[in-house]
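*Asks:* give me the fold of what follows.
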Amino acid sequence: MFDSGCYSCRSLATHIEEVVDGKLKAVALESEEAKQLLRRVFPNGWKHQPYLITVKKGSVATSFGSKLMLDLSLLLGPKKGLEVFRVAQRYGVGEPLGSQHSSSPRRGFLKRIGTTAGLLLFGHASLSSKTLSAQSNEQKSWQIITSVEGSEFVSLTLNSPEYKKFVDSLSQKGDSNLIIQLSEVQVAEGILPDGQPVVLVTVPLSGGTGDSHYSMLFDKTTRSMIMSAGILVTMDRTGNTVGWVERNAKDTIEVVISPNSEIVKATQTDNQGRSTNIDTTSFSTLQSDGTNRVASAPVQDGWCCIRNCLASQGIVDALILIAGTICAVGCLAPPVGAALCAACIIVAIGVPFTGVVGECVDQCIVRKIPWGGCVG
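*Replies:* Just a heads-up that it's a prediction; the model follows:
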């Protein structure tokens, strides 16, 4: 639906309708058809935001927000999605909302709808080609990829049952401030400490503290998923940081972190709704300088080393503690645990710091080189 009083909106809607072979219909908001449909779907009123309304055999379904993005991608498919993306690009889609070329909020919403499906393919212009900064050969092996192969892993992620479940969970949480940013997806390839080549796909989410994302790690050779996690990081009314994690679509973990970077509580809930408390005493009170550690506890020393290493590279403490809550157990049994440890932390933290994680795990768990007074 578009605002017929906006010439650019009307033209863009017409062009999009032409290239989708009847799968989408452009309807003016002022038309009687649109008014009747809106009254039927939104009897209590509606907002100026993108909606996908599907009418089939008398039933009407609607999606918006993050679910809208997924539904459009599945509806149009990669090829047609790219065509829509190119049409929308001609109207300056790459410009940020609110710029001088995008003065109408409703036009911005419509542009966002038009580009959603096209982002599924992620051409060379859609992904950064820079190599991740590195301090060692291990780190340099991690780099952002922009090739067709990268697009393949993005498609595998967006069409996976794990990602779809995360989108549903996000929709059920009802936090309109957390929005999936498909246009900013990153893909990186690298090598785990055991030599296994892997690919990581990270889908950022806006809102919250800015650290929310969905990540999926693949075996590069078999294309099979190794691990996935959707991570939402927000602030509560008391100033605590709240981390919510959906891991491998099998369970959820909630971590509450105080302003002093101490874990207040951590709980794990399975798919049947059964909740248990997580014992975080082995790493929750560690400070970035390595104090308050117990020398007789190897897990505490090991995680202390990793935490100090990650923090020194600019990774926020809350995200490190969330990673610790879901990954510390996998970091206990070197050298076998090093690969699992690295894989889990990489998924928890996301593409931008893959090389840093690889180096920190290698130094703290494999080579046992101290960092900040802690030895793995």
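*Asks:* pLDDT at residue 264, what is it?
*Replies:* Here, the pLDDT recorded for residue 264 equals 90.
*Asks:* buried stuff in the strand or helix carrying it?
*Replies:* Element membership for residue 264, per DSSP states H and E: strand 263-270. With burial defined by 16 or more other C-beta atoms under 10 Å, the residues of strand 263-270 counted as buried are 263, 266, 268. Where you see a C-beta, it was placed from the backbone N, CA and C, and this is true even at glycine.
*Asks:* need the residues you listed in CSV (columns: distance to residue 240).
*Replies:* CSV is the format used below for these (distance: C-beta to C-beta, whole Å):
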residue, distance to residue 240
263, 10
266, 12
268, 18
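*Asks:* what packs against the strand holding residue 264?
*Replies:* Counting contacts by 3 or more C-beta pairs under 8 Å, 6 or more residues apart in numbering; DSSP states H and E, strand 263-270 is packed against strand 251-257, strand 275-277, helix 317-327.
*Asks:* what's the first one packed up against?
*Replies:* Read that as strand 251-257. Strand 251-257 makes packing contacts with strand 241-247, strand 263-270, helix 317-327 when contacts are defined by 3+ C-beta pairs under 8 Å, 6+ apart.
*Asks:* what lies in contact with the longest one?
*Replies:* Residues from elsewhere that reach helix 317-327, judged by C-beta atoms under 8 Å, 6 or more residues apart in numbering: 209, 211, 229, 231, 233, 241, 243, 245, 247, 253, 255, 257, 261, 263, 266, 278, 280, 283-284, 288, 303, 307, 310-311, 341, 344-345, 348-349.
*Asks:* what subset of those residues is buried?
*Replies:* 211, 229, 231, 233, 241, 243, 245, 247, 253, 255, 257, 261, 263, 266, 278, 280, 283-284, 303, 307, 310-311, 341, 344-345, 348-349.
*Asks:* now, among the buried residues of strand 263-270, which is nearest to residue 16?
*Replies:* Among the buried residues of strand 263-270, residue 268 lies closest to residue 16 (C-beta to C-beta), at 43.9 Å.
*Asks:* beta partners for that closest one?
*Replies:* Residue 268 has these beta-bridge partners by DSSP bridges: residue 253, residue 276.
*Asks:* quick one: residues contacting it.
*Replies:* The contact partners of residue 268, by C-beta under 8 Å, 6+ apart, come to 251, 252, 253, 275, 276, 277, 278.
*Asks:* now do residue 178
*Replies:* Contacts of residue 178 were listed using C-beta under 8 Å, 6+ apart, and they are 66, 170, 205, 206, 207, 208, 212, 232, 234.
*Asks:* so who does residue 33 touch?
*Replies:* Neighbour list for residue 33: residue 27 [criterion: C-beta under 8 Å, 6+ apart].
*Asks:* where's it, which helix or strand?
*Replies:* Counting by DSSP H and E, residue 33 is part of helix 32-41.
*Asks:* related to what we said a few turns ago, neighbour-wise, which of the contacts of residue 178 leads?
*Replies:* residue 212 (27 neighbours; other C-beta atoms under 10 Å).
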